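> Pasting the sequence and the predicted model now:
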Amino acid sequence: MLKSPSTANIIALARLRVSLKSAELIITDQDKGLRLDVMECKACYYLSRGAVVMQAFTKSNCEGCGVEVTFPNSRINKLCEKCAESNDRCCHCGGDIDIDIPQDKYASTIQNLGAKVSE
């Protein structure tokens, strides 16, 4: 039996709110200090949290220096902490740690979308 449209709309609206909140966090970078402490770019820090991972010790080699690193789950990093820090790169994806988006282009769009979703 199909859910009523109102139930489906509530679920869809909740998903939209989560997406808008993620976009807001990326733009404001509220956890910048913590994000930089763990050497992650905005995309990895704000969008990869809560991802499904397997609880299994996983080994991977750093793409920078080749050292073997062991992780407590299947969420592995591309770079070891030393390579990430010395090259200002995200340890998880290998991208620039300070990669940024043009706020003037997206900030107003997100504010407008947020206002419409909250109505």
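The structure has been received and is ready for your questions.
> Name the residues of the helix ranked longest in the chain that are buried.
Longest helix in the chain, counting residues (DSSP state H): helix 5-28. For helix 5-28, a neighbour-count test (16 or more other CB atoms under 10 Å) marks 20, 23-27 as buried. C-betas here are computed from N, CA, C, even on glycine.
> ok, so of the residues you listed, who is nearest residue 73?
Taking CB to CB as the measure, residue 73 sits nearest to residue 25 out of the buried residues of helix 5-28, at 22.8 Å.
> tell me the contacts of that closest one?
31, 46 (CB atoms under 8 Å, 6 or more residues apart in numbering).
> swap the cut-off to 6 Å and go again
residue 46 (CB atoms under 6 Å, 6 or more residues apart in numbering).
> and the buried residues of helix 5-28 as a markdown table, adding distance to residue 48?
Below are these laid out as a markdown table (distance: CB to CB, whole Å):
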| residue | distance to residue 48 |
| --- | --- |
| 20 | 18 |
| 23 | 15 |
| 24 | 17 |
| 25 | 12 |
| 26 | 12 |
| 27 | 17 |
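> which residues in this protein form strands?
58-61, 68-71 (DSSP state E).
> for those, which one ends up most surrounded?
Across those, averaging neighbours per residue (mean count of other CB atoms under 10 Å) puts strand 58-61 on top, at a mean of 13.
> Note down every partner strand of that one and its orientation.
strand 68-71 (antiparallel) (DSSP bridges).
> Pull the strand it pairs with out as CSV, backbone CA atoms only.
Provided in CSV are the C-alpha atoms of strand 68-71 (Å, rounded to 0.1, in the frame of the first residue of the first chain):
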residue,chain,number,x,y,z
GLU,A,68,50.8,1.5,5.4
VAL,A,69,48.1,2.9,7.7
THR,A,70,45.5,0.8,9.6
PHE,A,71,42.0,2.2,10.1
